[in-house]
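**Student:** Based on what follows, work out the 3D shape:
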Amino acid sequence: MNPYEQTHVSMQRIHERLVHWVRDLLIKAGVESVQVYSRFLDEKTAGPHLVLLPYRLEPYPKNVESDPDIPLLGTAVDRQGVVPDGWARLGELMTLCLDACYPRLPARGTHPARMRPLAPLDELPPPLRAWYKEQGDDGTTEAWLVTHNGKPHGRLPSLAWRRPLTIRASYLIMASDSSVQARSVDAAMVSFAVPALAVVCLGMQMERKLTVQLPPIGAPTSLVRLAALLGKSTGGELGEEIMALADAIQGEQISHVSVLPMGDLGEGELASVMRSLDRPFQPVVNLAVQVGLGGGPVFVPGLQPMFSHSQSER
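**Tutor:** Numbering: from 1, shown residues only. Modelled structure (predicted):
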């Protein structure tokens, strides 16, 4: 699934989960009679209900994500709370497996021993040797396999996380009662709107996360296969864990989406919303959901691969 498909499906699921979140709050409050919808109903017998109206979608806090990718390989990597747990763990395990499987340059003076950026194929385990041969040498700077001193060498991989764009979707939760039994609009609002919306207000403080199952983030086949072969070459518990993780990252991911109480709409903004709805002013709750989308792995040959190490390893 490419980033555009992933974003489309993710926002659809988040919207559906928000509707269920509001409904769950009302059920906990014992208000099963008030329904929750994601659109206004024309039927006069709909009865008392809440409507979730998305009125703004925007990148937040900046319009363009310009910060560099976050490296995943190393033992002292700051993943800044942006990288999903499974991918962060994959970076940790790949670092350990690379350290166990790849030849090293000897320590010189104050410089510690480190993995060779170009590994002779005859010094690699057979599964990794076969992987590099599959990638081939197309003569470009992006080639995994290169010829050095007349012998084939494999470039040390580089793995980073492309920063997601944080998207904030703002909602108005509005009360409506189109029941023909309602004595008046004012009576209907007093009977259910204010108590029901108060439940939502409290929920925004006590249950500020939505647990959503999001679609898989696209993982290059070459990365998944290399991770599995690193596990096979390393063996033991470390090898078993990274092979299992290589399968798991290809599936759907559980994510926690923030629910944010929002300030009052300005007069002009509120008037614009009401005009677009062609409806009279009603009690509303203003909230937003915020999620990072579009992030994903960047897996390329490391021309000058850098690994961040903890102080104790220097």
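
**Student:** just for this structure, where's the confidence low?
**Tutor:** 42-46, 75-80, 112, 177-191, 266-272, 274-282, 303-314 (pLDDT under 70).

**Student:** Can you list the residue ranges for strands in it?
**Tutor:** Assigned by DSSP state E, the chain shows strands spanning 35-37, 48-59, 70-71, 104-105, 114-115, 118-120, 145-148, 151-155, 157-162, 165-177, 209-214, 253-261, 284-293, 296-301.

**Student:** Now distance to I27 and mean neighbour count too, for those, in a markdown table please.
**Tutor:** (Each C-beta comes from the backbone N, C-alpha and C, glycine too.) Formatted as a markdown table, the strands of the chain follow (distance: least, CB to CB, whole Å; neighbours: other CB atoms under 10 Å):
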| stretch | distance to I27 | mean neighbour count |
| --- | --- | --- |
| strand 35-37 | 10 | 17 |
| strand 48-59 | 13 | 17 |
| strand 70-71 | 40 | 20 |
| strand 104-105 | 60 | 12 |
| strand 114-115 | 56 | 18 |
| strand 118-120 | 59 | 17 |
| strand 145-148 | 59 | 14 |
| strand 151-155 | 56 | 20 |
| strand 157-162 | 38 | 20 |
| strand 165-177 | 16 | 20 |
| strand 209-214 | 16 | 15 |
| strand 253-261 | 17 | 15 |
| strand 284-293 | 17 | 20 |
| strand 296-301 | 37 | 18 |
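
**Student:** what's the closest of the ones you listed to Q12?
**Tutor:** Of all those, strand 209-214 sits nearest to Q12, with 10.4 Å by CB to CB.

**Student:** Show me what that closest one packs onto, helices and strands only.
**Tutor:** Applying 3 or more CB pairs under 8 Å, 6 or more residues apart in numbering; DSSP states H and E, one finds that strand 209-214 contacts helix 3-28, strand 253-261.

**Student:** What strands flank it, and is each parallel or antiparallel?
**Tutor:** Sheet pairing of strand 209-214 (DSSP bridges) gives strand 253-261 (antiparallel).

**Student:** Please name the spatially closest residue to S255 (chain neighbours excluded).
**Tutor:** Distance criterion CB to CB, 6 or more residues apart in numbering; nearest residue to S255, sequence neighbours excluded, is L214 at 4.8 Å.

**Student:** cool, and L145?
**Tutor:** D137 (4.2 Å).

**Student:** Hmm, H148 and that neighbour touching each other?
**Tutor:** No - shown here, D137 and H148 do not form a contact pair, counting by CB atoms under 8 Å, at 10.9 Å.

**Student:** tell me the domain ranges of this structure?
**Tutor:** As recorded under automatic domain parsing, the domains making up the chain are 3-65+165-210+260-288, 69-103+113-163+217-251.

**Student:** closest one to V300 among those?
**Tutor:** domain 69-103+113-163+217-251 (5.4 Å).

**Student:** Of the domains of the chain, which is nearest P297?
**Tutor:** Closest to P297 of the domains of the chain, according to CB to CB: domain 69-103+113-163+217-251, at 6.1 Å.

**Student:** first to last residue in that closest one, what's the distance?
**Tutor:** Its start and end residues considered, domain 69-103+113-163+217-251 measures 23 Å (CA to CA, to the nearest Å).

**Student:** I'd like to know how far the nearest residue to S233 once chain neighbours are set aside sits from S222.
**Tutor:** Distances taken as CB to CB, 6+ apart put P125 closest to S233, at 3.9 Å, once the chain neighbours are dropped. In this view, P125 and S222 are 17 Å apart by CB to CB, to the nearest Å.

**Student:** more crowded one of the two?
**Tutor:** Of the pair P125 and S222, P125 is the one with more neighbours under other CB atoms under 10 Å, namely 17 against 14.

**Student:** Run through the residues that contact the closest residue in space to L223 that isn't next to it in sequence.
**Tutor:** Nearest in space to L223, with sequence neighbours left out and distances taken as CB to CB, 6+ apart, is F299 at 4.3 Å. Shown in contact with F299 (CB atoms under 8 Å, 6 or more residues apart in numbering): 157-159, 220, 222-223.

**Student:** can you rerun that using 7 Å?
**Tutor:** Contact analysis of F299 by CB atoms under 7 Å, 6 or more residues apart in numbering lists 157, 159, 220, 222-223.
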